[in-house]
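J.: Sequence first, then the predicted structure, then my questions.
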Amino acid sequence: MPVFILKKVPYGVAETVHKAIFAHSIMKENISEIKELLTYPKQVAIISHRNPDGDALGSALALKLFLDQKGHMVKVVMPSEYPSGFGYLPEIDNVIISDEEPDIATKAFQDAQIIFCLDFNSLDRIDKMGKVIHETSCTKLLIDHHLDPEPFADYMLTDTDASSTCELVYEFIHMLGEESRIGPRIGDCLLTGIITDTGSFKYNTRPNTYRVSASLKEAGVDDYRLQDKIYNCLQEKQLRLLGHCLANRMELLPEYRTGIIHLTKEDYKTFDIRRGDTEGIVNYMLMMRHIDVAAFITEQPTIVKISLRSKGAISVQEIARNHFNGGGHKNASGGSAYAKLEDILTKFKNVIPRYVKKQA
Ligand code: 5GP
Ligand code: MN
């Protein structure tokens, strides 16, 4: 399984990056530079994307625990609050939320000698902190598995075939020859990201995903406990909201094998919906054999957020990128728009025929 580390590319030279991504030969050379970089204690800042999920949190905290062991001074920043269900992850209480503490977060990046960007690949995914990071001159490393990386980092470990960034953080530690540092705490973080990004090993897996997971179990991770923490944590209001979505808000376009669920601002009030409460609802529509595309469209205070999922060859990443200012993976993407909910619903219905052949 090839993973790629590549060297500095000038900002904005996307083609060079794409060529360099396939340059296996420079991997060894660069990993020794990174080893050297991490030899002496440094100030390190780690950031992942807005609305962090299990992979964003797991990869950032695993890397922090690993670098802590090596004597570095590590701060973890997330642009926005994380779902409380991930409260079991080690060190999560020390995460800095830049929306809430912008000065502390900014200082963490300004003081850093190394910045790791995990589970996202363009600086606009981290809003204001993107500008702060862009203006720093320290070494930046990107570890990620999304399509179309922006060349803002000095070193990238990017592999779109990887199940998760957590799988790649494991590979990174492996490349440094320091797997022996992975115990149950780092393991809990890494397996959390693998489980959540693969929907419990249902999609995005490859043989290496299972090999890494097996190694984590050998390192002492209790996977049964993790699955219980991750999935058996719904509140009553979330199940009632799911019922509402499926009974009252689901619209099917059978000729385009597509399902849409939308939520209005009023729904947010009625069901007291908070960040993370809607997680996973989009996937239910794909449980129907004749549905291949699922859209979950929600009216937020200032924007409309769109969450897309698909089966097989249909790329929702293209839909998100081309029409909703977003991106992600082929079968799981998202985006947003400053527009009215009704207009986004209409727009989605108008563009879907370009991506799915009409059924007889
Ligand atoms: P979700 O639908 O769970 O919010 O996101 C699914 C996937 O789409 C994630 O991998 C996430 O990184 C990506 N994604 C979600 N929202 C956005 C967005 O606004 N912009 C981009 N570029 N990617 C997004
Ligand atoms: Mn991920």
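T.: Good, I have the coordinates. Numbers count the residues shown, from 1 in each chain. Ligands and ions are numbered 1, 2, ... in the order given.
J.: hey, let's count contacts and neighbours off CA atoms from now on
T.: Noted.
J.: Report the closest residue of the stretch 101-250 of the chain relative to ligand 2.
T.: Ranking the residues of the stretch 101-250 of the chain by distance to ligand 2 (C-alpha to the ion) places residue 164 first, at 4.6 Å.
J.: Relative to residue 212, how far out is that residue?
T.: Using C-alpha to C-alpha, to the nearest Å, we find residue 164 at a distance of 11 Å from residue 212.
J.: one step back: isn't the residue of the stretch 101-250 of the chain closest to ligand 2 right next to residue 193, touching?
T.: Yes - the criterion here is C-alpha atoms under 8 Å, and residue 164 meets it with residue 193 at 6.5 Å.
J.: out of those two, which sits in the busier spot?
T.: Counted by other C-alpha atoms under 10 Å, residue 164 and residue 193 do not tie: residue 164 has more neighbours, with 31 against 26.
J.: need the contact list for that one.
T.: Contact partners of residue 164, counting by C-alpha atoms under 8 Å, 6 or more residues apart in numbering, are 55, 119, 144-145, 193-194, 197-198.
J.: On the pLDDT front, check it for me.
T.: For residue 164, the model assigns a pLDDT of 97.
J.: could you check the distance from the closest residue to residue 148 other than its chain neighbours over to ligand 1?
T.: Spatially, and ignoring its direct neighbours in sequence, residue 148 is nearest to residue 121 (7.6 Å; C-alpha to C-alpha, 6 or more residues apart in numbering). Using C-alpha to the nearest ligand atom, to the nearest Å, residue 121 is found at 8 Å from ligand 1.
J.: you'd agree residue 121 is in a strand?
T.: No - read with DSSP: H, G, I helix; E, B strand; the rest coil, residue 121 is coil and lies in no strand.
J.: And the residue nearest the centre of the chain, how far from residue 142?
T.: Nearest to the mean C-alpha position of the chain, by C-alpha atoms, centre = their mean, lies residue 119 at 4.6 Å. According to C-alpha to C-alpha, residue 119 stands 8 Å off from residue 142.
J.: Could you pull up the residues touching residue 212?
T.: With C-alpha under 8 Å, 6+ apart, residue 212 has these contacts: 167, 170.
J.: Please determine how far it is located from residue 168.
T.: 10 Å.
J.: Report the set of residues contacting both of those two.
T.: Counting by C-alpha under 8 Å, 6+ apart, residue 212 and residue 168 have no common neighbour.
J.: residues in contact with residue 184?
T.: Neighbour list for residue 184: 216, 219-221 [criterion: C-alpha under 8 Å, 6+ apart].
J.: Equivalent analysis for residue 204, please.
T.: Residues near residue 204 by C-alpha under 8 Å, 6+ apart: 161-163, 197-198.
J.: run the last query once more with 10 Å
T.: 160-164, 194, 197-198, 329, 331 (C-alpha atoms under 10 Å, 6 or more residues apart in numbering).
J.: part of a strand, is it?
T.: No - Residue 204 sits outside any strand when classified using three-state DSSP, being coil.
J.: How is this protein divided into domains?
T.: 4-231, 236-354 (automatic domain parsing).
J.: Quick check: which of those domains has the most neighbours on average?
T.: By mean neighbour count, with neighbours taken as mean count of other C-alpha atoms under 10 Å, domain 4-231 ranks first of these at a mean of 19.
J.: how much distance is there from it to the middle of the chain?
T.: In terms of C-alpha atoms, centre = their mean, to the nearest Å, the centre of domain 4-231 is found 10 Å from the chain centre.
J.: Is residue 302 located within a strand, as I assumed?
T.: No - secondary structure of residue 302, determined by three-state DSSP: coil, with no strand assignment.
J.: quick one on the thing from earlier: my guess is the residue nearest to the centre of the chain meets residue 51, correct?
T.: No - with contacts counted by C-alpha atoms under 10 Å, residue 119 stays clear of residue 51, the gap being 11.6 Å.
J.: ok so, going back, can you redo the contacts of residue 204 as a markdown table with secondary structure?
T.: What follows is the contacts of residue 204, written out as a markdown table (three-state DSSP):
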| residue | secondary structure |
| --- | --- |
| 160 | coil |
| 161 | coil |
| 162 | coil |
| 163 | coil |
| 164 | coil |
| 194 | helix |
| 197 | helix |
| 198 | coil |
| 329 | coil |
| 331 | coil |
